[in-house]
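**Student:** Predicted coordinates and the sequence they were generated for:
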Amino acid sequence: MATSAVAIGKVEVSRRKGEGLPPGWGCDSEGIESYDPLGVLNGGGLFPLGGTEISGGYKGYGLALMVEVMCGVLGGAMWGPHIRKWMAADETREADLGQFFMALDPGMFGAGFRERLQQLMDEHRALSPIEGQEKVLVPGDPERAAEKDCQDHGGILYHAAFIRDMEILAKRLEVSPMETL
């Protein structure tokens with residue numbers, strides 16, 4: 001899970017589609033909020049969870065820093081600006097990304113974890129959605145829906161711009177393009 005407002009891949013997808021970014025995703029190289037994917041991708045950056053300071057981004061910044069400590073510093077790997085840049089054509093260093101895994105036994109904290117967790121998920125799903133939304137989702141719901149969509153369509157649905165870019169890449173690498181239905 002990205003500790004930024006969104007994953008950098010969402011910004012890249014917006015660039016490929018020729019779309020602008022919604023408020024709160026990222027900033028340009030001067031630290032000014034940017035709605036242009038290229039501003040974020042070319043020297044800018046992503047906002048932390050929560051966005052800017054006024055909307056609580058400092059809390060997301062704190063969570064991101066905690067992840068940097070656990071995965072980078074504690075894990076003996078790179079962190080923050082020391083990690084190689086994503087999608088940099090001239091970057092040849094190994095990524096040296098750290099991982100952090102924590103195993104907890106819920107039974108050590110009290111009885112009935114599964115039932116209580118299910119109740120929590122059910123209560124959230126039963127909340128009234130905001131205007132324009134069909135229902136309240138919990139973690140895992142969008143992924144299950146996407147998996148069902150792939151099964152229903154016999155494969156993964158890609159945006160036309162992605163297919164075009166993959167065909168260009170296949171030609172450049174002199175490999176067969178990916179098969180499409």
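**Tutor:** That came through, no problem.

**Student:** wait, what's in contact with the nearest residue to G18 once chain neighbours are set aside?
**Tutor:** In this structure, G18 finds its nearest non-sequential neighbour in A161, 7.4 Å apart by Cβ to Cβ, 6 or more residues apart in numbering. For every residue, glycine as well, the C-beta is placed using N, CA and C. Residues near A161 by Cβ atoms under 8 Å, 6 or more residues apart in numbering: 16-18.

**Student:** May I see those arranged in JSON lines, with distance to F109 and pLDDT as well?
**Tutor:** Shown next, in JSON lines, are the contacts of A161 (distance: Cβ to Cβ, whole Å; pLDDT from 0 to 100):
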{"residue": "R16", "distance to F109": "44", "pLDDT": "89"}
{"residue": "K17", "distance to F109": "44", "pLDDT": "91"}
{"residue": "G18", "distance to F109": "49", "pLDDT": "93"}
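
**Student:** what's the distance between I8 and E94?
**Tutor:** 19 Å (Cβ to Cβ, to the nearest Å).

**Student:** And the residue lying closest to P22 once chain neighbours are set aside, what's its pLDDT?
**Tutor:** Spatial nearest neighbour of P22, chain neighbours left out: Y35 (7.5 Å); criterion: Cβ to Cβ, 6+ apart. We have a pLDDT of 97 for Y35.
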